[in-house]
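Asks: fold the stuff below for me.
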Amino acid sequence: MNDRTNTIFGWVLASCGIALGANIVAGIYFGGGEAEMPENPGYIIEAAEDGAEVDAGPTFAELLANGSAEAGQGVFARCAACHSVEQGAANGIGPNLHGVLGEAIAANAQGFGYSSALSGKGGEWTYENMNAWLERPRGFADGTSMSFAGLGNAEDRANVILYLRENGGGPDLPEVVVEEVPVEGEAAEGEEAAAEEEAAAE
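Replies: Numbering: from 1, shown residues only. Below is the predicted model of the structure:
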């Protein structure tokens, strides 16, 4: 082994010693070892109690009832490159959508070549079907030629549907169902009355 090899091994050994020493000193200085819990944690995440209902937000019927066709016109600007909505306007890359709501799926625009995935779907453009189509076209009709990925925001979908309804009409909007939640006292009174009725029947 020549002097040059000894020098290289010496420097490598010295470097390892320095690194080990620096690690020990840093651990002592910065308090290495077990981490201490801070007095005030940064975030407290409160989970819903077992059995508690999670608020799912407004229903689609509520979004339609409170939506805006004017806002829908702004969202429809993304669709205007392929679709027209005015009565009598020509088909583009996609069909004219005037009066599409309530019509049979893939039958609204005369002379347009719908994909077999959509024409074989069947049914009508109900509000539920249009919502599902706008959310994810390929999920609604797998194999459709429409390349648009969809509108992930439910409010945007509701507003676009209201804009389509404004341009050609459509069925009545779905009724908003309001669930009445009884007050605790009223619920107890109702249970007592039911128990009394059962006892009287016996």
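
Asks: helices of the chain, residue ranges please.
Replies: Per DSSP state H, the chain carries helices over the ranges 3-29, 60-66, 69-76, 116-119, 127-135, 137-140, 154-166, 184-201.

Asks: how about a markdown table for those, with distance to D172, mean pLDDT and mean neighbour count added?
Replies: C-betas here are computed from N, CA, C, even on glycine. Output for those, formatted as a markdown table (distance: least, C-beta to C-beta, whole Å; pLDDT from 0 to 100; neighbours: other C-beta atoms under 10 Å):
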| stretch | distance to D172 | mean pLDDT | mean neighbour count |
| --- | --- | --- | --- |
| helix 3-29 | 72 | 78 | 10 |
| helix 60-66 | 11 | 95 | 16 |
| helix 69-76 | 15 | 96 | 16 |
| helix 116-119 | 25 | 92 | 16 |
| helix 127-135 | 10 | 96 | 19 |
| helix 137-140 | 23 | 94 | 16 |
| helix 154-166 | 10 | 97 | 22 |
| helix 184-201 | 33 | 61 | 9 |
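
Asks: any idea how far the residue nearest the centre of the chain lies from E62?
Replies: Centroid-nearest residue in the chain: G152, 5.2 Å away (criterion: C-alpha atoms, centre = their mean). Plainly put, G152 is 18 Å away from E62 if you go by C-beta to C-beta, to the nearest Å.

Asks: TSV for the helices of the chain, including distance to N91?
Replies: Converted to TSV, the helices of the chain look like this (distance: least, C-beta to C-beta, whole Å):
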stretch	distance to N91
helix 3-29	71
helix 60-66	27
helix 69-76	16
helix 116-119	14
helix 127-135	18
helix 137-140	17
helix 154-166	16
helix 184-201	57
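
Asks: out of those, which gets nearest to E175?
Replies: helix 60-66 (6.7 Å; C-beta to C-beta).

Asks: if I read this right, S68 contacts V160, doesn't it?
Replies: No. With contacts counted by C-beta atoms under 8 Å, S68 stays clear of V160, the gap being 10.5 Å.

Asks: so how far is L164 from A141?
Replies: For A141, the distance to L164 (C-beta to C-beta) stands at 18 Å.

Asks: cool, P137 as well?
Replies: Counting by C-beta to C-beta, the gap from P137 to L164 is 15 Å.

Asks: what's the answer for G122, then?
Replies: G122 sits 20 Å away from L164, going by C-beta to C-beta.

Asks: with E103 instead?
Replies: Taking C-beta to C-beta, one finds E103 at 11 Å from L164.

Asks: ok, A90 - contacts?
Replies: Residues in contact with A90 (C-beta atoms under 8 Å, 6 or more residues apart in numbering) are 84, 96.

Asks: give me the pLDDT for it.
Replies: At A90, the model reports a pLDDT of 93.

Asks: i'd like the first residue to be 514 from this point on
Replies: Will do, 514 is the new start, and the previous item becomes A603.
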